[in-house]
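[1] Based on what follows, work out the 3D shape:
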Amino acid sequence: MCKRNRAFFFTIWVRNRPAATKKAVRIVSRNRALQAALRARPADGSIHGRRDTQKSRAIAVRALKEAMRFSRMRSQRRRNDASSIGLRVRCACSAAVVLSSLFNAAQIAAQQLPDLSVVAPSSESELWRELEPPPLPPAEELFGPPPSVGAEQLRAAPPCSLWYISTRAVGPQPELGRLTYLRFLPGAGWQPATLAEFLAEDALRMPTVVFVHGNRYAASNAFETGETIFASLSQAATHSQPVRFVIWSWPSDRLARRGQLVDLRVKATRAECQGFTLARLVAQIHPEVCVSLVGHSFGARLISSSLHFLGGGELGGLQLDAPATKRRSLRGVLLAAAMGNYWLTPGDRHGRGLEAVDELFVVSNSRDSVLRWYPHLFPGGRGPDALGYTGMRFTQPPGEALAKIIEWDVAPLIGKAHNLADYFQTPKIWSSVAHFALFEGTGWLATRKTAAAAY
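    Now for the predicted structure:
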């Protein structure tokens, strides 16, 4: 049988294999090992000898059989050994894809192969530069209201002060004066400001609401989402008290040429470091100013770590120089929090957070299709469940701190959704968050559900 016919029957055979095997073949066809094998062809364009082809075919047959055997394993075992199985399937199917390319090599020998080289960092400095916060976009992209929220909507809101504070492109633990401060002025749009101007507004004693976005938000997306959240809070408010609303933007852009797991692990660590910067800023605000911190996903993790620092806690060698002054009121709202469900237990990772906060509103979703995989962020997939998935859990009795917690499982309202838009586009959820964050009382809750029997 000629190579052309063998290639045809080989293709038909692969198409009739289980879907998992075909998916593995497609994945391996784009990996670096295969690209290196194709680039290793002789310079004259000739294909490998007959003996090498037969040997590769035998290897490929055994490889595909092994791949199919792994694809039929039970889901539980596949979950426990996901990393090792994925590696073996990729190694097994690499030989099969190489064989398929050899069968068709005779037809493309005279053609110019595309450049399959992989762009890799030329030095270690370039590799680590990807983990640094990306620079801010051009000024024309930042200033001016985005299309989704017009200037007339912002002017129609209650008398307020709208701020944008960014920690992007300033490195870890920067001085507060080096952050990017922008203030929205009616008729002028977004204008540069300073830390002194931000703190000068404390004299007005306006309640301050700080919104922190989640993972994979560019600077422009943070602008648009923050202004949308501000407009939604203003519409849900029952009175027109002046409010200072702060959009807290942190470097959460997707890491280039990095896998999803690496991206999530880097952002999880970065969020807690950013929480230290937020804690230092909140500590600078006058104690008589009421402050609410609202965060979603990794933004909720950032807020939880910030409360831990404000309560006098230490994390990763970071701690406030002096304990934060007890303020008039400090509230926290954790929406779909991507953090351990028992970390707020006194003595645990964020155990001092409940000491700093007056009330904590935990909005979870027991059907969240994203947070259900949170334990896999840890080696072996044996990490704790997410707070935004199971609600509060305690490893020991929390004592008086239990009375500060308000929980709500919103799975009957939004199903498996995890995105922030699904939360603020549901009136029942967002009106509750608005009343709580704007210090309009907690009587709107039909029941006050706590984790009394969760430890």
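[2] Disregarding residues adjacent in the polypeptide, which is nearest to residue 180?
    Leaving out its chain neighbours, the residue that sits closest to residue 180 by C-beta to C-beta, 6 or more residues apart in numbering is residue 166, at 4.0 Å. All C-beta spots, glycine's among them, are computed from the backbone N, C-alpha and C.
[3] For the one you found, give me its contacts.
    Under the criterion of C-beta atoms under 8 Å, 6 or more residues apart in numbering, the contact list for residue 166 reads 136, 179, 180, 182, 219, 222, 249, 250.
[4] Pick out the most distant pair among these.
    182 and 250 (14.9 Å; C-beta to C-beta).
[5] Could you check which of the two has the larger neighbour count?
    residue 250 (27 against 20; other C-beta atoms under 10 Å).
[6] Pull up the per-residue confidence for the more buried one.
    Per-residue pLDDT puts residue 250 at 96.
[7] do residue 339 as well
    Looking at residue 339, its pLDDT is 97.
[8] and what of residue 389?
    97.
[9] cool, and residue 381?
    87.
[10] burial measure for it, as a count.
    That count, for residue 381 with other C-beta under 10 Å as the rule, works out to 15.
[11] correct me, but it touches residue 375?
    Yes. Residue 381 is within contact range of residue 375, at 5.5 Å (criterion: C-beta atoms under 8 Å).
[12] part of a strand, is residue 182?
    Yes. Judged by DSSP: H, G, I helix; E, B strand; the rest coil, residue 182 forms part of a strand.
[13] does residue 212 really touch residue 305, like I thought?
    No. Using C-beta under 8 Å as the test, residue 212 is too far from residue 305 to be in contact (10.8 Å).
[14] neighbour-wise, which of the two wins?
    Shown here are residue 212 and residue 305; by other C-beta under 10 Å, residue 212 has more neighbours (30 against 27).
[15] Tell me how far the more buried one lies from residue 186.
    Counting by C-beta to C-beta, to the nearest Å, the gap from residue 212 to residue 186 is 25 Å.
[16] Okay, domains of this structure per the record?
    Taking automatic domain parsing as the criterion, the chain consists of the domains 3-108, 130-437.
[17] Lowest average pLDDT across the ones you listed?
    Among the domains of the chain, domain 3-108 has the lowest mean pLDDT, at a mean of 47.
[18] Please type out the PyMOL selection for whichever of the contacts of residue 166 turn out to be buried.
    Restricted to buried positions by 16 or more other C-beta atoms under 10 Å, the PyMOL selection for the contacts of residue 166 reads:
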select buried, resi 136+179+180+182+219+222+249+250
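[19] Which of the contacts of residue 166 fall within strands?
    When DSSP state E is applied, those are split such that 180, 182, 249 fall in strands.
[20] Not counting sequence-adjacent ones, nearest residue to the second one?
    By that I understand residue 182. Closest to residue 182 by C-beta to C-beta, 6+ apart is residue 164, at 4.1 Å.
[21] element containing the one you found?
    Assessed by DSSP states H and E, residue 164 sits inside strand 160-166.
[22] Output that strand as PDB, restricted to C-alpha atoms.
    The C-alpha trace of strand 160-166 is given here as PDB (Å, rounded to 0.1, in the frame of the first residue of the first chain):
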ATOM      1  CA  CYS A 160     -21.200  62.500  44.400                       C
ATOM      2  CA  SER A 161     -17.500  62.300  43.800                       C
ATOM      3  CA  LEU A 162     -16.300  59.700  41.300                       C
ATOM      4  CA  TRP A 163     -12.600  58.500  41.400                       C
ATOM      5  CA  TYR A 164     -10.400  56.100  39.600                       C
ATOM      6  CA  ILE A 165      -7.300  54.800  41.400                       C
ATOM      7  CA  SER A 166      -4.900  52.500  39.600                       C
END
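[23] Can you list the strands that that strand pairs with?
    Here strand 160-166 has these sheet partners by DSSP bridges: strand 180-185 (antiparallel), strand 243-249 (parallel).
[24] Ok, which of those strands comes nearest residue 256?
    Short answer: strand 243-249, nearest of these by C-beta to C-beta, at 19.1 Å.
[25] Any buried residues in the closest one, and which?
    Going by neighbour count (16+ other C-beta under 10 Å), the buried part of strand 243-249 is 243, 244, 245, 246, 247, 248, 249.
[26] Looking at those, spot the one nearest residue 276.
    Within the buried residues of strand 243-249, the smallest distance to residue 276 is 13.0 Å, found for residue 248 (C-beta to C-beta).
[27] surely the residue nearest to residue 182 meets residue 191?
    No. If you go by C-beta under 8 Å, residue 164 and residue 191 don't touch, sitting 10.4 Å apart.
[28] Between these two, which contacts overlap?
    Taking C-beta under 8 Å, 6+ apart as the criterion, residue 164 and residue 191 both touch 182, 183, 184.
[29] tell me the angle the helix or strand encompassing residue 293 makes with strand 243-249.
    Per DSSP H and E: residue 293 is located in strand 291-296. Here strand 291-296 runs at an angle of 40 degrees relative to strand 243-249 (axes from the mean of the first three to the mean of the last three C-alpha atoms, to 10 degrees).
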